[in-house]
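Participant: just to be clear, the model below is a prediction. Sequence and coordinates:
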Amino acid sequence: MILEEIMQTEVYTLSPEDTIETALQLLRDKKIRHIPIVDKKGALVGLVTDRDVKEATPSILQKETNKKELHQPLSIIMARNVVTGHPLDFVEDAAAILYEHDISCLPVIQNGELAGIITETDVLHTFVELTGSNQPGSRIEMKVLNKAGKLYEVLHVLKKRGANIHSVLVYPDKQSEEYKIIVLRVQTMNPIAAIEDLKKDGHIVLWPNMPGVSS
C-alpha cells in the first residue's frame, strides 16, 4: 500500500507570517495536531505542531505577555527542516521514517507542492487493517526454521483445511537466528482443527496452546 491511498488530502495550512494565535485557533477549530507552513507559491517551508504552539503560548495569568507572544509570526517557532514523503512511497517505509526520526506526521510532496499529509494515527489504522486485527478471526503463531519454503508449507496445510487467511506476518526469532516466527490471522473463531493439522505436519505452534491438542 502506498501513501497516496491513505494520506489526508484536505490539509489546513498557514503561512510563515500568520500568527501563533491564528495557529492556536485553527488547531482548536479543526481538531488537528499539525499545520504545514507554505509560502505564497504553495511550497512547504515549515511545520508547526500543537506542542510547538502550546510551548510558545504563555500562561493566561500573564495577560500582557500573552497578547504579545500570541501575535508573533509562526516563522519564529516553526520547524524548517521538515521530513517529507511522496505519494508513491510505501506505508511501511513511512512508518519506519516516523519511528527513526521520532516524528508524528509526514507531509506528502508531489511536484514541489504539498499533496497531503499522513500522521502516526493514519499509519496505525492502516496496519490494523492490513493485519486483519479489526476482523473476526483467530491468531496462530508458529516457530519455523529460517529457510526457504517454510511459509509455503504452512500455507499449504491451511489450504487443505480450507482456512481463509486475513494476514501473514513473519519476523525473526529473538532467541535464535535459525528460526523465524510466523503469525497468521485466520477467518475462524475455532482454530483447533487447523492447529492439529499444523502439528501433525511437524510445525511448532506457539499460540494458541490449546488444551487437549497434542503437541
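Facilitator: Looks like it came in fine.

Participant: contacts, neighbours, all on C-alpha from now
Facilitator: Will do.

Participant: wait, what's in contact with the residue nearest to the spatial centre of the chain?
Facilitator: What sits nearest the mean C-alpha location of the chain, by Cα atoms, centre = their mean, is Val123, with 2.3 Å. Applying Cα atoms under 8 Å, 6 or more residues apart in numbering, we find Val123 in contact with 91, 95.

Participant: tell me how far it lies from Glu129.
Facilitator: Val123 is 10 Å from Glu129, where distance means Cα to Cα, to the nearest Å.

Participant: before we move on, what about Ala94?
Facilitator: As judged by Cα to Cα, Ala94 and Glu129 stand 16 Å apart.

Participant: higher neighbour count, these two?
Facilitator: Between Ala94 and Glu129, Ala94 has the larger neighbour count (other Cα atoms under 10 Å), namely 22 against 14.

Participant: who touches the helix or strand hosting that one?
Facilitator: Following DSSP states H and E, one finds Ala94 within helix 91-101. Here helix 91-101 makes contact (Cα under 8 Å, 6+ apart) with 1-3, 85, 104-106, 120, 123.

Participant: send the alpha carbons of it over as CSV?
Facilitator: The C-alpha coordinates for helix 91-101 follow below in CSV (Å, rounded to 0.1, in the frame of the first residue of the first chain):
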residue,chain,number,x,y,z
VAL,A,91,3.3,2.9,4.0
GLU,A,92,5.8,0.6,5.8
ASP,A,93,8.7,2.9,4.7
ALA,A,94,6.8,5.9,6.0
ALA,A,95,6.3,4.1,9.3
ALA,A,96,10.0,3.5,9.5
ILE,A,97,10.7,7.2,8.9
LEU,A,98,8.3,8.3,11.6
TYR,A,99,9.9,5.8,14.0
GLU,A,100,13.5,6.7,13.1
HIS,A,101,13.0,10.5,13.2
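
Participant: contacts for the next helix or strand after that helix?
Facilitator: Using DSSP H and E, the helix or strand that follows helix 91-101 towards the C-terminus is strand 105-110. Residues outside strand 105-110 that contact it (Cα under 8 Å, 6+ apart): 7, 34, 36, 83-87, 94, 98, 114-120.

Participant: what do you get if the cut-off is 10 Å, keeping everything else the same?
Facilitator: 3-4, 7-9, 11, 33-36, 43-44, 46-47, 49, 82-89, 94-95, 97-98, 114-123 (Cα atoms under 10 Å, 6 or more residues apart in numbering).

Participant: just the pLDDT for Val183.
Facilitator: In this model, Val183 is scored at 96, pLDDT.

Participant: cool, Thr57 as well?
Facilitator: Looking at Thr57, its pLDDT is 83.

Participant: one more: Thr84?
Facilitator: 98.

Participant: now swap in the one 10 residues further on and tell me
Facilitator: pLDDT recorded at Ala94 is 97.

Participant: against Lys54, how distant is it?
Facilitator: Relative to Lys54, Ala94 is positioned 27 Å away (Cα to Cα).

Participant: just the buried ones from the contacts of strand 105-110, in ChimeraX syntax?
Facilitator: Buried residues within those, by 16 or more other Cα atoms under 10 Å, are selected in ChimeraX with:
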select :3,4,7,8,11,33,34,35,36,44,46,47,49,82,83,84,85,86,87,94,95,97,98,114,115,116,117,118,119,120,122,123
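
Participant: the contacts of strand 105-110 in strands, which ones?
Facilitator: Those of these mapping onto strands are 34-36, 44, 46-47, 49, 114-119, per DSSP state E.

Participant: thanks a lot, catch you later.
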